[in-house]
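Participant: Any chance you can model this:
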Amino acid sequence: MLRKEPFSPNRDGSVAINLDENELGLLRHLFGELRETLMLDTDEGLKRLYPTAYPDDAERDAGYQALVHGELMEKRLNALDEVEATIDNKSLTVEQLNMWMTCINELRLILGTKLDVSEEDYDFDPDAPDAQARAIYIHLGWLLEHVVNALMGTL
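Facilitator: Sure thing, here's the model as predicted:
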């Protein structure tokens, strides 16, 4: 039996969510972890979400971070609020799916940073100590690809 796409455009412009309860449970857990990580705001994995603007000037970079950090945090938490509120929906608006895309991408960036993933990391070793985290990273990439495809299908 062929599996449905995890996200598929509907005729009315919305996008259907075709995730099973296990996938939704994993995402609920990961979104909860994302909220905790964002709120603590000390996790090393966050450096990809708040990159250095002035790598050669710590003072200018600190000023830049002071200007944008709070606003970026607020936007991330608002997107996460929307995703958590819609995780049990059968379909999403394009705007809601964009928020899902943001949160899935943030999870992937944080996890990829923690795993020190590079573009040369093609092999998956199921016996590696970090195999579960890498499998989640790969799955998030797969979901992200399908979110983008679904969004393109709504154009």
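Participant: neighbouring contacts of the helix or strand harbouring residue 106?
Facilitator: Under the criterion of DSSP states H and E, residue 106 resides in helix 94-115. The contact list for helix 94-115 (Cβ atoms under 8 Å, 6 or more residues apart in numbering) reads 7, 13-15, 30-31, 33-34, 37, 43-49, 76, 79-80, 82-83, 86, 89, 92, 130, 133-134, 136-137, 140-141, 143-144, 147-148, 150-151, 154. From N, CA and C alone the C-beta is placed, and that goes for glycine too.
Participant: 6 Å instead?
Facilitator: Residues from elsewhere that reach helix 94-115, judged by Cβ atoms under 6 Å, 6 or more residues apart in numbering: 15, 30, 34, 45, 48, 79-80, 82-83, 86, 133, 137, 140, 143-144, 147, 154.
Participant: Could you do stretch 37-48 as well?
Facilitator: In this structure, residues lying in contact with stretch 37-48 by Cβ under 6 Å, 6+ apart are 76, 109, 110, 113, 114.
Participant: returning to that earlier point: what comes up buried for the helix holding residue 106?
Facilitator: Neighbour-count burial for helix 94-115 flags 96-97, 99-114 (criterion: 16 or more other Cβ atoms under 10 Å).
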